[in-house]
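Engineer: The following comprises the amino acid sequence and a computationally predicted model.
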Amino acid sequence: MVGRNVVSLDDLSVNEIRALLRKAAYIDTHRTQVAHTCDGRVLATLFYEPSTRTRLSFETAMLRLGGKTIGFAGAQLASVTKGESIADTVKTVSCYADIIAIRHPKEGAALIASEAAAPYDVPVINAGDGGHMHPTQTLADLLTIQSRFGRLDDVTIGLCGDLTFGRTVHSLIETLCRFGHVRFVLISPEELVTPRYVLDRIDASPTCSYVEVRDLTEVIGDLDVLYMTRVQKERFFNEDDYLRLRDTYILDAAKLALAKPSMAVLHPLPRVNEIAVDVDADPRAAYFEQVRNGMLMRMALESSVLGDTLPGYEPAVGKEIAA
């Protein structure tokens, strides 16, 4: 995994993803031991659109590993306002940093960045590109599901809300299809259904299946995981359409009463009003656990692509040597 770009999780094998999950679990219980893993390293966070959790998570991950961070939070703070291209910005930053995390509102921006950084041997991690992919959020999702159920297969997962523009949803579905034996329940209004290319990915899996429904209450009792999403105002060109769809699905205590006692509620955050605050105290609420897991997975990923060994960590024999 050393020196690899992570534009999507297709860049990693299933065994490499499992290795990252094990590393994250190790990091969580060995904070002091890993605190100098990335001493002397510099992470650059190039965030062309607003972010709280993802940017701070990337930066905190590097700081907790002993490294340092540089970067910008918002296109208005970068030379893009002067007309500089993504490629030129990345080439410049590659002269300063050992690793780059980039978020951009346009699909494909992370791929462009990875190609620009290649001559400098600086790995690029996609921190979200438009409505396309968000691989490190998916890693946080996987760790949360695994920690709750002890597995990533033989589960029924409901994904609810904006399934058209929700890059976290697309990444999660496509990755879980690689593990197999997952039943997807796709819950959305007609205007925000799952894109065809994502459905094709499910169809291509011999052990995964999906149904599309409109009513959350009809299916919530069947779910092991409910993945809520917000309707994203920034993806709409027409504010009237956004306002009409914003409140389509709201998870509250009454709806949660219909769910299994073991169900886990996930959300990539930020939320607007799609999960009522009174749900936070329910033990099934796992979305702030996701935030913590996101930091752990980014610590595992950053150290892995940099080739910095976690002190005391022993890879699983025959499975993680290449990672």
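Structural biologist: Good, I have the coordinates.
Engineer: longest helix of this structure?
Structural biologist: helix 287-306 (DSSP state H).
Engineer: quick check: mean pLDDT across it?
Structural biologist: The pLDDT scores in helix 287-306 average 98.
Engineer: Just give me how far stretch 215-234 sits from the chain centre.
Structural biologist: 17 Å (C-alpha atoms, centre = their mean, to the nearest Å).
Engineer: Would you mark the buried spots in it?
Structural biologist: By 16 or more other C-beta atoms under 10 Å, the buried positions in stretch 215-234 come out as 216, 219-220, 223-232. From N, CA and C alone the C-beta is placed, and that goes for glycine too.
Engineer: mind saving the C-alpha coords of that stretch as CSV?
Structural biologist: Only the C-alpha atoms of stretch 215-234 are listed here, as CSV (Å, rounded to 0.1, in the frame of the first residue of the first chain):
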residue,chain,number,x,y,z
ASP,A,215,-41.7,4.5,3.1
LEU,A,216,-39.1,4.2,5.9
THR,A,217,-41.6,3.0,8.4
GLU,A,218,-42.5,0.0,6.3
VAL,A,219,-39.0,-1.5,6.3
ILE,A,220,-37.2,-0.1,9.4
GLY,A,221,-38.1,-3.3,11.4
ASP,A,222,-36.1,-5.4,8.9
LEU,A,223,-32.9,-3.5,9.1
ASP,A,224,-29.6,-4.2,10.8
VAL,A,225,-28.2,-0.8,9.8
LEU,A,226,-30.0,2.4,8.9
TYR,A,227,-27.8,4.8,7.1
MET,A,228,-29.4,8.2,7.2
THR,A,229,-28.4,11.1,4.9
ARG,A,230,-29.3,14.7,4.6
VAL,A,231,-30.7,16.3,1.4
GLN,A,232,-27.7,18.3,0.3
LYS,A,233,-28.7,21.9,-0.5
GLU,A,234,-25.3,22.5,-2.2
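Engineer: Tally up the residues packed near residue 71, please.
Structural biologist: 21 (other C-beta atoms under 10 Å).
Engineer: residues touching it, list them.
Structural biologist: By C-beta atoms under 8 Å, 6 or more residues apart in numbering, the contact list for residue 71 reads 43-47, 55, 59, 101.
Engineer: What does it show for phi and psi?
Structural biologist: phi 150, psi -170 (degrees, to the nearest 10).
Engineer: residues near the closest residue in space to it that isn't next to it in sequence, how many?
Structural biologist: Leaving aside its sequence neighbours, residue 71 sits nearest to residue 45 (C-beta to C-beta, 6 or more residues apart in numbering; 3.5 Å). Using other C-beta under 10 Å, residue 45 has 26 neighbouring residues.
Engineer: Can you read off the pLDDT for residue 45?
Structural biologist: Looking at residue 45, the pLDDT reads 98.
Engineer: pretty sure it is touching residue 60, no?
Structural biologist: No. Using C-beta atoms under 8 Å as the test, residue 45 is too far from residue 60 to be in contact (10.8 Å).
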